[in-house]
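Undergrad: Predicted model follows, preceded by the sequence.
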Amino acid sequence: MVKTFVGPAYESGGTIIYVRDGAIVTQPFDERKLVVLGEPVAMPDHVAVSTTNNTALFSVSPAGNLVYYPAPSGPFALSWYDRDGRRGDTLDTGPIREIALSPDGTRVAESIYNPNGLNPDLWSYDMSRHTKTRLTSSLEDEGRPVWQPDGQFVLFASGFGGSPDHIYRTRSDGSGGIETVLRSEGVNEVPGSICRDGRYLAYTRSSKDSPPAVWILPLTGDRKPFALIQTRVNSPVFSPDCKWIAYVSGQNRGVPDVYLAKFPDATHQHQVSTQSGNLLRWRGDSKELFYFSPPQNSIIAVNVEEEGGEISLGAPQTLFPLSSPYASFLGFDVTPDGKRFLISTVNFPTASIPLTLVTNWEAELKKK
């Protein structure tokens, strides 16, 4: 058995070929006992990855020839962008699935695929020191990080593949153990956002018998969860002033759209997006909402003004497209002033990037 977070794997002449840490690796294979032998040996180039089906873009023929799309500097990157789409520093590389900026903007909670297996774990990346701290280590899938407003804890969803996710938390410095925040049997629970005053957690709840709905867990008092919106909605995010919740729903047009609802009574619901949207983020003063528009492949901004309990929404404005010769969008977060965007991408090939054909890779590997 070999472990990798992307497929496929091939067997050729007593050798297994697969991808680990973004590179094609080979490992001797006993065809009679069906076990791998020795340690994997990596080829020099990184291989591109398709996010559509989580597949590395390479193939091996029965004759032993190998072909792949190369990915420059590794397939994954976490980089800064300004509001005009100018790319700044790349902070981190690796198989990053999801990200969340800390409240003080100094750290990033990252859900990262384990290179030795299929499950992602949580890490905290210190942007000033460029160091990582492991927050979780288990066989379960751990992701959807959400920071507590004080920055002391990170909440996350965790569960085995095929079983319900539940909500847990761990200290953001990596000390201590895992604490259960919410675990309801037979129900899938995924954290979305914590109100800045720390009193409420908005999360998505679903089960095999009920569609996704937005629920609220009070974090003080009796801590009894209650339903807020139950019309096939998900991804709830509190506005920083905790007066509104942004969420995603396909209730109107059958495609994911961004909505706002008044908190805590879910009145005054407003459709925000006009061409579909997801992955919601707020500016720190609650006066601008950002989201990703798949049809436009762009980051969109919408001005939000409130007066006398009524809200006024500006027209969606495209800040910048995320199309490039080498990058496909995975996720983003934004600084409180709304001026810088931290964006996770995965490199992928286009027609302008030639395939690489390797015809004598077995001999090349024997030199190592």
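TA: Now that the structure is in, tell me what you want to look at.
Undergrad: bridging residues for residue 123?
TA: residue 110, residue 134 (DSSP bridges).
Undergrad: and it, what does it touch?
TA: Listed by C-beta atoms under 8 Å, 6 or more residues apart in numbering, the contact set of residue 123 reads 109, 110, 112, 132, 133, 134, 135. The way it works is simple: take the backbone N, C-alpha and C, and place the C-beta from them, glycine included.
Undergrad: Can I get the buried part of those as one ChimeraX selection?
TA: Restricted to buried positions by 16 or more other C-beta atoms under 10 Å, the ChimeraX selection for these reads:
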select :109,110,112,132,135
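Undergrad: now the contacts of residue 123 in a markdown table, with pLDDT and distance to residue 34?
TA: Shown next, in a markdown table, are the contacts of residue 123 (pLDDT from 0 to 100; distance: C-beta to C-beta, whole Å):
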| residue | pLDDT | distance to residue 34 |
| --- | --- | --- |
| 109 | 96 | 39 |
| 110 | 94 | 35 |
| 112 | 86 | 30 |
| 132 | 93 | 36 |
| 133 | 95 | 38 |
| 134 | 94 | 33 |
| 135 | 95 | 36 |
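Undergrad: nearest to residue 262, of the contacts of residue 123?
TA: The closest of the contacts of residue 123 to residue 262 turns out to be residue 109 (C-beta to C-beta; 28.7 Å).
Undergrad: hang on, that closest one packs against residue 103?
TA: No: counting by C-beta atoms under 8 Å, residue 109 does not reach residue 103; the two are 11.0 Å apart.
Undergrad: list residues touching both of the two?
TA: Joint contacts of residue 109 and residue 103 (C-beta under 8 Å, 6+ apart) are residue 147.
Undergrad: Helices of the chain, start to end?
TA: 361-366 (DSSP state H).
Undergrad: for it, which spans come out with low pLDDT?
TA: Within the chain, the stretches with pLDDT under 70 are 1-6, 49-54, 71-75, 115-118, 160-162, 323-329, 346-353, 361-368.
Undergrad: Quick check, central residue of it?
TA: In the chain, the C-alpha nearest the mean C-alpha coordinate belongs to residue 98, at 2.2 Å (C-alpha atoms, centre = their mean).
Undergrad: Would you confirm that that one contacts residue 143?
TA: Yes: Residue 98 is in contact with residue 143 according to C-beta under 8 Å; the separation is 5.1 Å.
Undergrad: so what sits against both of the two?
TA: In contact with both residue 98 and residue 143: residue 111, using C-beta under 8 Å, 6+ apart.
Undergrad: who are the neighbours in contact with residue 181?
TA: 155, 167, 168, 169, 191, 201, 217.
Undergrad: With respect to residue 225, which of those is nearest?
TA: The closest of the contacts of residue 181 to residue 225 turns out to be residue 217 (C-beta to C-beta; 4.8 Å).
Undergrad: re earlier: and the residue nearest to the centre of the chain, how close does it get to residue 231?
TA: For residue 98, the distance to residue 231 (C-beta to C-beta, to the nearest Å) stands at 25 Å.
Undergrad: And residue 153, by the same measure?
TA: 31 Å.
Undergrad: wait, doesn't residue 171 sit right on residue 153?
TA: Yes: between residue 171 and residue 153 there is a contact under C-beta under 8 Å: 6.0 Å.
Undergrad: So what's the residue count around the spatially closest residue to residue 267 that is not a sequence neighbour?
TA: Closest residue to residue 267 apart from its sequence neighbours, by C-beta to C-beta, 6 or more residues apart in numbering: residue 261 at 7.3 Å. Neighbourhood size, residue 261 [other C-beta atoms under 10 Å]: 21.
Undergrad: and if you look at residue 42?
TA: Per other C-beta under 10 Å, the neighbour tally for residue 42 reads 16.
Undergrad: what residues are up against it?
TA: Taking C-beta under 8 Å, 6+ apart, we find residue 42 in contact with 20, 21, 23, 24, 25.
Undergrad: Is it correct that the last one is in contact with residue 41?
TA: Yes: checked against C-beta under 8 Å, the pair residue 25 and residue 41 is within contact range at 6.2 Å.
Undergrad: Distance-wise, check residue 277 relative to residue 232.
TA: From residue 277 to residue 232 the distance is 16 Å (C-beta to C-beta).
Undergrad: returning to that earlier point: so residue 171 and residue 153 - more neighbours on which side?
TA: Per other C-beta under 10 Å, whichever of residue 171 and residue 153 has more neighbours is residue 153, with 21 against 16.
Undergrad: Help me confirm that that one comes into contact with residue 167.
TA: No: judged on C-beta under 8 Å, residue 153 makes no contact with residue 167 at a distance of 11.7 Å.
Undergrad: picking that back up, go through the contacts of residue 181 and flag which are in strands.
TA: The strands, defined by DSSP state E, take in 155, 167, 168, 169, 191, 201, 217 from the contacts of residue 181.
Undergrad: Near residue 330, how many residues? Count them for me, please.
TA: 20.
Undergrad: Which residue, other than its chain neighbours, is closest to it?
TA: residue 344 (4.2 Å).
Undergrad: Distance check, the closest residue to residue 275 other than its chain neighbours against residue 320.
TA: Of all residues not flanking residue 275 in the chain, residue 295 sits nearest, at 4.9 Å (C-beta to C-beta, 6+ apart). Residue 295 sits at a distance of 15 Å from residue 320 (criterion: C-beta to C-beta).
Undergrad: Which one of these two is surrounded by more residues?
TA: Here residue 295 and residue 320 are set side by side on neighbour count (other C-beta under 10 Å), and the busier one is residue 320, at 17 against 11.
Undergrad: residue ranges of the strands in the stretch 101-250 of the chain, please?
TA: Counting by DSSP state E, counting those that start in this stretch, the stretch 101-250 of the chain has strands at residues 107-113, 120-126, 131-134, 141-147, 153-159, 166-171, 179-182, 188-194, 200-207, 210-218, 226-229, 233-238, 244-249.
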